[in-house]
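Q: no sequence on this one, just coordinates:
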């Protein structure tokens, strides 16, 4: 525990990297949702390794099987179980490292916490765990889209310090994001990032970066003060992702350097719709922890990948100094694959808040 | 909802800014804790407005009364209720604004969410709500200190873009932080911040900034993957604070610009204690969502205060354009008072994780 | 813990019998409910000791103060805090028993669980704790009545083996129940019960009994399979009451002796309303854990009061054999006062299920 | 929702009767438990239909596959997933009834709640759902046995009004229970029950009954007042089972007819162990909602099976009067198969309370 997320749209995930299966059980998905399995498969494909030469060549089919909660093409309101059977798991490569703590991996902390661990492929701490989140997020996304018209898009904003020019959260599309394997929507920066990633791979090193994201169409009123504020849950959602070390809502850290007079978002009436809006959006669509109808914007920072094919100093399980040299498939940069993760977690938060708010009035 | 935080050390807060009382009920505080009421009062005093000319002159006694769960000086294991009666509430100043949305306040969003709101003093959205958190956090802090020797210190790192030199998380003390009203432990930067705050006050504007924090003495093994990772809960805790817009764990956004070879934290044996440690701490004391025994480090960004005594464009409750000019007491900069809030939320997260881990083995 | 009940209509209670105050915080009460404080006071009065010579003469004002979540006569959607200050607490009578385990009280188990206990007046284990539940239940009742037209009535069905003739759940009213101090709506049985209670009091003994209850107007669709079935939550709610040892939904234990052919409830169309109903109601208004639109019926058994003014064999805190002889005010029979408790808990369950179902569609 | 049970030992079940699979995810099972898969299979076999001519001939292999949370024979502390693939599902028999509400089944209420339902084999409302609970309960039972020496035994006490002589909760064994297909440990009553069940089957009718249960070896201190009392959670657990309509803890409804002087359980010192015990056990091992070290005893009433092969009056989905005549395999009496369900739910409650109490001190 805790592998459960959400209060009314409640997702429980399970599964180890090299175990027979992983997946998610969604308890609380409203009934009658026409699940688009192709769209789920498409979301899964975006997370899957081996999409381009920029990412790890491990092949995973990640075929999603719906085992419950689904009848004649629609959700039934009972627990919806999406399962992914493991295909391509060769644990032998991990055998030499099972008693050595890989630096900045979770080997040591899992051992310290549980007293034992499934070392095959990183076990539960593997990023492969996020496949279950993407599956769950795909359902949440469809729910948000069908019932509220909410649209979520994430993109790569920065890789290894290479930052793209600001993205317009009002207009950015998934197609624009997916146009380049880096998932950076600025073509020029995308190319530079690809070049950098390849150079770092050759250098047997790794990179981190920043993902930006927006949710458009979120109505005012979502978010549960004082603790389950929209921003708080989004922050939790992002920091629950492997390798995520930072989160910003709206203006974020840059906002902390502004004056109130320029940071405050003036209210105005949208002449087109007759609804209240703000003329700027430093708040990132959330005020007092509650959505205000403006686009929700966030940024998530991911540290460089811990697995690097170099000699690294560490200790083994008995506390003796050791040198580890990891080989085998790995991503030099997770950022392109972090995009669907950010979207999935954002969808899980919003689906939950939507249902909670609907219960209220 | 949700005004409850935590799973085993579970805090529920209540209260509006100008209501008769606010407070917290802690359900799950272990029995037998010798509660130090003076230490609670000291923590409350640090949050209280009117501590210096840098912050709002509103006087609040914030006397904490223990109404339950406490007997003969010790907690009993039953719900511990800390209550603060309201003293100095003059709601009349808020009357003119009750039907105008103050920019970057929560007036509009509370109205959109609930259909009505207690406008007196900001109601539930007032930062005064955090008094209950500080009270709860003071209990959590004492529990962490007594049972696990954990020590939490936060400080002001940046105000309005003025950044202090890096603080050593291993040695920083609360005394050093409290030595200056800004709670910036670097005397020179502290003075510059004070000057800036006063200048901005004269300019009828406001400032944001960044708080840094550390928890020392946290043992390995706290944190609940995959969703309730230590970092995820800390992020949620920080972003649940009013005005918080950003969070970093360990290396944060800067880490996203590093290479894996320099970001990875090598393990080594501490010759003094015989325990595993890392020789650097870019991970901020957490790996795979679980504490590794190193100091937990985080940063939280706070936007500039929304209340500024200037003309601001907005709309009123009927959607008509309006100009608002707020007067009365307010902080030009919340940062010094954010320090105890960050500490309190950090304590709440860690107390909860400590109890959950104790249940496991 | 756990002193919190419910998921969306979430009640946290606190307070010891002789502590300065007890009360409840309701997080999740929908906004805009016009709280009738007189009705709350009336509900409190029904629980209060000293209503008649049949019950304990302890006088408690039980005045409810609303400390938060309430503005201009309406709930605001933020935590609603109802507090009751303690008036008439003389702990000295409990002093002699503080180190002796009173038989069938919770002294020993609280000590075993927490290592220490507030022995004054029974501390947290006192039935006085239920005052907070009645206050919370009064709010839930108003919500259910205003928003869904639900009406809840409980009554005394049996005292010390004296059973009243079956009550018609369709027509029974609170007035009929309150017509006699025993709260048994059958006048003849009520008199016999009163006589029995007085005789048992003289005999320095105590009685138990059975409360029946109905909720009318509950629409189909409330209840959350598979675990949070309506019956399951009602059972939990009842057994969470002090002294409750048994629960029946619909036909209960008697139903276990029937054949399917007579127990099954045939469906029919109600010609008056055009809605589906059943022609019998052995199911007690719940099928598959979900309400079916018929009256919800239940029964709750309460054991005889543990406090009796007689010599009783026990052991003291050091494990030595001891004789205890309790004196002072007490109820020889809690049944009349159990009626509002049953209603309150029933209201809490239904309010929560109503909100959860509203979130779904 | 809610298909999740428990707070620290948290079980989520999923699956429809004729769906591809059902199972449970246990989040929070402590690491290092040597899972005995044969014992799990044995528990599953006890629930399985077709064990004797007394129960339905439907054949289900109910083979449990462990998909996660388990490594080298031990639990890892991560989510433990037990899955059962469906073997023998012929939905065609249910086709004629898909638009007719079967009396005292959950067809109508599921439809009313969710707007649609999986009608194949009863869908989520099928008793087949309990297979997942038995699997989860088997894990809980092993945990309780290994870590605390707790032993749980249930038995059939009454069928169709035929009641066995009182069972001694201190000595009853699973072997004695399983000695007869009825699972009534009194041979003479067991035979009479078997005869009755066969007669009722020939009569195309069905029976209900009562299951008794005990947990031995539970230490003092388990149970979480005021709402999550041990009895409250056990009551919820039992009433969450299909067809369960009544619950008793300890003396139950009979206790409500006793006097306090005979119902109170005197404390005494057990000379053998030096621990506190009670000389009688009307409390059923729980006082004030907390276990007192005595055997936990409970009874659960089950209504007669709703499926009977007779003409029954009902309405169809359009509200028109209809006659339904169900055919095909079914149990005339679920009681023998209810025994493992009662044990499983009891184990789930106790495992959870054990972990929560361990967190406290």
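A: Happy to help now that I have it. What you see is a predicted model; the values in this text were computed from it and never measured.
Q: could I get the full set of helices for chain A?
A: A:37-47, A:107-114, A:130-148, A:174-178, A:187-202, A:230-239, A:252-255, A:260-263, A:335-360 (DSSP state H).
Q: next, the angle helix A:187-202 makes with the longest one.
A: Orientation of helix A:335-360 against helix A:187-202 (axes from the mean of the first three to the mean of the last three C-alpha atoms, to 10 degrees) gives an angle of 120 degrees.
Q: residue A:350: neighbour count?
A: 29 (other C-beta atoms under 10 Å in any protein chain shown). Just so you know, the C-beta spots here come from the backbone N, C-alpha and C atoms, and that holds for glycine as well.
Q: which pLDDT does the model give it?
A: Looking at residue A:350, its pLDDT stands at 98.
Q: with the one 10 residues further on instead?
A: pLDDT, the model's per-residue confidence, is 87 for residue A:360.
Q: equivalent analysis for residue A:328, please.
A: According to the model, residue A:328 scores 72 on pLDDT.
Q: would you list the helices of chain A in TSV and tack on distance to chain C?
A: Listed next are the helices of chain A as TSV, based on distance: least, C-beta to the nearest C-beta, whole Å:
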stretch	distance to chain C
helix A:37-47	22
helix A:107-114	23
helix A:130-148	10
helix A:174-178	29
helix A:187-202	41
helix A:230-239	16
helix A:252-255	26
helix A:260-263	26
helix A:335-360	4
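Q: deepest-packed of those helices, please.
A: helix A:230-239 (a mean of 31; mean count of other C-beta atoms under 10 Å in any protein chain shown).
Q: ok, residues contacting that one?
A: Helix A:230-239 has contacts (C-beta atoms under 8 Å, 6 or more residues apart in numbering or on different chains) with A:5, A:222-223, A:244-245, A:247, A:249, A:284-286, A:289-291, A:296, A:298, A:300, A:342, A:345-346, A:348-349, A:352-353, B:227, B:229, B:231-240, B:244-245, B:247, B:249.
Q: ok, now with 7 Å
A: A:222-223, A:244, A:247, A:249, A:286, A:289-291, A:298, A:300, A:342, A:345-346, A:348-349, A:353, B:229, B:231-233, B:235-236, B:239-240, B:247, B:249 (C-beta atoms under 7 Å, 6 or more residues apart in numbering or on different chains).
Q: show me the contacts for residue A:7.
A: A:352, A:356.
Q: low pLDDT regions in chain A?
A: By pLDDT under 70, the weakly predicted segments of chain A are A:1, A:50, A:52-60, A:329-330.
Q: try 80 this time
A: A:1, A:50-61, A:88, A:328-331, A:361 (pLDDT under 80).
Q: residues of it that sit close to chain C?
A: By the rule C-beta under 7 Å from any C-beta of the partner chain, the part of chain A lying against chain C is A:8, A:30, A:77, A:355, A:356, A:358, A:359, A:360, A:361.
Q: contacting residues for residue A:206?
A: A:200, A:304, A:305, A:308, A:332, A:333, B:259, B:260.
Q: tell me which two of those sit farthest apart.
A: A:308 and A:333 (11.5 Å; C-beta to C-beta).
Q: any idea how far residue A:290 lies from chain D?
A: In this structure, residue A:290 and chain D are 24 Å apart, going by C-beta to the nearest C-beta, to the nearest Å.
Q: cool, and residue A:205?
A: Relative to chain D, and taking C-beta to the nearest C-beta, residue A:205 is found at 31 Å.
Q: my guess is that residue meets residue B:259, correct?
A: Yes. With contact defined as C-beta atoms under 7 Å, residue A:205 and residue B:259 form a contacting pair (4.7 Å).
Q: flag every residue of chain A that's near chain D.
A: A:1-4, A:10, A:12, A:14-16, A:19-22, A:25, A:27-28, A:31-32, A:67-69, A:71, A:74, A:76-79, A:81, A:114-118, A:124.
Q: among these, which lie within strands?
A: Of the positions in these, A:4, A:10, A:12, A:14, A:21-22, A:25, A:27, A:67-68, A:71, A:74, A:81 sit in strands, assigned by DSSP state E.
Q: ok, the residue in the stretch 101-250 of chain A that chain B sits nearest to - contacts?
A: Of all residues in the stretch 101-250 of chain A, residue A:106 sits closest to chain B, at 2.3 Å by C-beta to the nearest C-beta. Neighbouring residues of residue A:106 by C-beta under 7 Å, 6+ apart: A:125, B:287, B:288, B:290.
Q: same thing with residue A:65?
A: Per C-beta under 7 Å, 6+ apart, neighbours of residue A:65: residue A:83.
Q: gap between it and residue B:46?
A: To residue B:46, residue A:65 is 55 Å away according to C-beta to C-beta, to the nearest Å.
Q: swap in residue A:274?
A: 46 Å.
Q: ok, back up a step: near chain B, which of the residues of chain A next to chain C show up?
A: Cross-checking the residues of chain A next to chain C against chain B (C-beta under 7 Å from any C-beta) gives residue A:361 as the overlapping residues.
Q: need the max-distance pair from the residues of chain A next to chain C.
A: Maximum distance among the residues of chain A next to chain C (C-beta to C-beta): 21.1 Å, for A:77 and A:361.
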